[in-house]
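K.L.:
Got a sequence here, can you model it:
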Amino acid sequence: MKEIILLTPPLAFVIVLAVSILLLKVSSCFSARGKDKTGEGRKGYACGEDFSNYLIQPDYSQFFPFAFFFTILHVVALTIATVPVENMTTFAIAVVYIGGAVIGLSILLRR
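P.N.:
So this is what the prediction gives:
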């Protein structure tokens, strides 16, 4: 019974979060950032040359449609993979959901 309790999502999340925080604390001991008092460790490395910071403003306008596309496709794939076929009500809801995802993708990718 105890093995099943450890696999519940809230408890598994808390365990993974605790391990992640522990790894963060342990790895920060090895970091050079906290030991450098001169500020040289925070400067950009440019092969020994002075590095001038240019303000770059990236354009994500082409990225977001593809990000939404893959997000919707992954959720649809998860829905198809986990829907129980024996129950027709849930199967019908899944088909309606997949149809809505197809309509959403067609709106997202129209030109």
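
K.L.:
how does the protein divide up, domain by domain?
P.N.:
Following automatic domain parsing, one gets these domains for the chain: 1-32, 59-111.

K.L.:
Quick one: those domains as TSV, columns for mean pLDDT and mean neighbour count too.
P.N.:
Every C-beta, even on glycine, is put in place using the N, C-alpha and C of the backbone. As requested, those are exported to TSV (pLDDT from 0 to 100; neighbours: other C-beta atoms under 10 Å):
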stretch	mean pLDDT	mean neighbour count
domain 1-32	84	9
domain 59-111	82	11
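
K.L.:
quick one: secondary structure of the residue nearest the centre of the chain?
P.N.:
By C-alpha atoms, centre = their mean, the chain has its centre lying nearest to residue 71, at 10.1 Å. Here residue 71 is recorded as helix under DSSP: H, G, I helix; E, B strand; the rest coil.

K.L.:
the helices in the protein, which residues?
P.N.:
In the chain, the helices defined using DSSP state H lie at 2-6, 9-29, 63-82, 88-108.

K.L.:
Of all those helices, which one is nearest residue 57?
P.N.:
helix 63-82 (13.7 Å; C-beta to C-beta).
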